[in-house]
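Novice: Provided below for reference: sequence and predicted model.
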Amino acid sequence: MRLSSVQIFQQGISGILDQQSKLAKTEQQLATGKRIQVPSDDPVAAVQILNLNEDMALLDQYQRNGNLAEGQLALEDTVLANVGNVLQRVRELVVQANNASQSVETRRSASVEIEGLLEQLQSLANTRDSEGEYIFAGFQADSVPFTRQNGQYAYQGDDGKRFLQLGKSSQVAVRDSGFNVFMAVPTGNGRFDVIPDATNAGTGVIGSATVDGSFVRDTYSITFSQALPGDPVTYEVRDSSNALLTSGNYQGGDEINFAGASIQVGGLPVDGDRFEVFPAAREGMFASIQAIADSLASAIDSPAGVASVNNAMGRGLNNLDQAIGHMLAVRADVGVRLNQVENQQSLNEDFNLQLEQTLSSVQDLDYAQAISELNLQLTALQAAQQAYVKVQGLSLFNYL
């Protein structure tokens with residue numbers, strides 16, 4: 001095979017350039033610490049790196065969601081704690097106002113303070129977050145959720161819950177509907193509620209009210225009668241179909257038992273006095289507290305007036321206890337969700353560490369091997385350069 005001088009020189013230059021290219025690639029790997037500089041270096045590994053980076057970016061987003069969820073839930077928990085403090089203060093005032101030593105003036109003074117606490121409660125229910133959104137408005141986060149007109153409170157939000165994704169199969173609600181928190185509170189003892197008739201003229205006052213497992217949900221009426229002055233006061237209990245369930249002579253402080261319910265009545269009802277027993281419904285805590293304030297504000301100094309206040313305070317205490325219990329349940333649920341966020345973030349951190357280790361094994365450079373290759377490539381380049389110098393100096397004309 002015959003080779004021209006040009007071919008020999010070109011092969012020599014190609015060899016040098018090839019060694020320089022390999023050396024430059026190794027130098028780039030050492031400078032970046034990455035084994036793969038372009039996808040063509042290792043197509044299979046390049047695809048793995050791309051997938052791993054996408055998974056890590058998604059985990060980073062989940063962690064940011066978790067931090068946001070923690071902030072939102074911590075804010076809600078703080079607000080709910082303050083709501084609980086307001087309810088406890090109202091309860092203290094109700095207990096004081098229900099004391100027989102209280103006068104009309106002190107009860108009206110308590111009413112004024114309760115009105116102020118109502119405004120504080122409304123302000124808490126209309127709390128905004130750092131973005132200016134109302135946290136208890138559902139999906140209507142830009143609208144004021146709780147408004148008051150003519151002493152009536154209305155909820156303007158919806159029942160929507162906002163969720164944040166914490167993992168591929170994990171999400172958490174970061175807000176609660178204001179309706180569920182503030183408006184859907186059970187009344188009475190949670191099973192039934194006792195309300196005196198507005199026309200009652202006696203001093204009958206509802207005491208303890210309990211149920212057992214046989215309680216039948218229905219509307220009942222307890223009516224007191226007295227044929228003539230001096231005659232015994234009697235009572236009868238009827239259901240919603242007006243069927244007589246029980247009756248007897250009334251003795252102050254006795255319990256009246258019917259349909260699985262037991263209701264204690266104190267004081268002295270008069271002929272025609274009536275108490276209605278309703279299945280427990282859902283009532284807003286605003287309405288319950290407003291009813292307490294209104295009753296104290298309209299208190300009058302008479303036996304019937306005092307009994308009316310005592311009945312209102314008794315019912316108010318029941319409703320406040322239900323509201324406080326409801327608030328504790330909501331706070332417990334918020335605490336569960338905070339724990340869920342914390343646990344998921346811990347799982348995400350562990351998973352992210354595994355991904356980083358896998359990515360390192362696929363992408364990172366083995367420095368010992370790379371430095372060894374660099375030395376070999378330097379030696380090969382020097383040999384190619386020296387060979388070229390020797391060959392390019394050969395010419396037939398040097399021997400003529």
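Specialist: Cool, got the structure.
Novice: longest helix anywhere in the protein?
Specialist: helix 303-363 (DSSP state H).
Novice: mind giving me the packing neighbours of that one?
Specialist: helix 43-97, strand 163-167, strand 170-173, strand 185-186, strand 192-196, strand 205-211, helix 285-297 (3 or more CB pairs under 8 Å, 6 or more residues apart in numbering; DSSP states H and E). In short, each C-beta sits where N, CA and C put it, glycine included.
Novice: run the chain-centre distance for it.
Specialist: Between the centre of helix 303-363 and the centre of its host chain there is 6 Å, according to CA atoms, centre = their mean, to the nearest Å.
Novice: what mean pLDDT does that helix get?
Specialist: For helix 303-363, the mean per-residue pLDDT is 91.
Novice: I figured residue 356 hits residue 53, correct?
Specialist: No. The pair residue 356 / residue 53 is not scored as a contact, 10.6 Å apart, by CB atoms under 8 Å.
Novice: the chain - how does it break down into domains?
Specialist: 1-33+373-400, 38-187+281-364, 194-280 (automatic domain parsing).
Novice: mean neighbour count for those - can I get that in JSON lines?
Specialist: JSON lines is the format used below for those (neighbours: other CB atoms under 10 Å):
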{"stretch": "domain 1-33+373-400", "mean neighbour count": "12"}
{"stretch": "domain 38-187+281-364", "mean neighbour count": "17"}
{"stretch": "domain 194-280", "mean neighbour count": "16"}
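Novice: compare the mean pLDDT across those and name the weakest.
Specialist: Minimum mean pLDDT among the domains of the chain: domain 1-33+373-400, a mean of 62.
Novice: give me phi/psi at residue 247?
Specialist: phi -160, psi 170 (degrees, to the nearest 10).
Novice: that one contacts residue 233, doesn't it?
Specialist: No. Counting by CB under 8 Å, residue 247 stays clear of residue 233, with 11.7 Å between them.
Novice: contacts only, for residue 355.
Specialist: Taking CB atoms under 8 Å, 6 or more residues apart in numbering, we find residue 355 in contact with 52, 55-56, 59.
Novice: rewinding a little: and residue 341, which of the helices and strands packed on helix 303-363 is closest to it?
Specialist: Of all those, helix 43-97 sits nearest to residue 341, with 4.9 Å by CB to CB.
Novice: wait, what's in contact with residue 63?
Specialist: So residue 63 contacts 345, 348-349, 352 (CB under 8 Å, 6+ apart).
Novice: can you rerun that using 7 Å?
Specialist: 345, 348 (CB atoms under 7 Å, 6 or more residues apart in numbering).
Novice: got it, and residue 80?
Specialist: Residue 80 neighbours (CB under 7 Å, 6+ apart): 327, 330-331, 334.
Novice: if I look at residue 176, how far off is residue 157?
Specialist: Residue 176 sits 11 Å away from residue 157, going by CB to CB, to the nearest Å.
Novice: swap that for residue 113, please
Specialist: With CB to CB as the criterion, residue 113 and residue 157 are 28 Å apart.
Novice: ok, back up a step: common neighbours of residue 176 and residue 157, please.
Specialist: Shared contacts of residue 176 and residue 157, counting by CB under 7 Å, 6+ apart, come down to residue 136.
Novice: and stretch 238-248, how far out from the chain middle?
Specialist: 45 Å.
Novice: between the two ends of it, what distance do you get?
Specialist: 13 Å (CA to CA, to the nearest Å).
Novice: contacts for it, please.
Specialist: So stretch 238-248 is contacted by 218-221, 234-237, 258-259 (CB under 7 Å, 6+ apart).
Novice: any chance of TSV for the residues you listed, columns secondary structure?
Specialist: Listed next are those as TSV, based on DSSP: H, G, I helix; E, B strand; the rest coil:
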residue	secondary structure
218	coil
219	coil
220	strand
221	strand
234	strand
235	strand
236	strand
237	strand
258	strand
259	coil
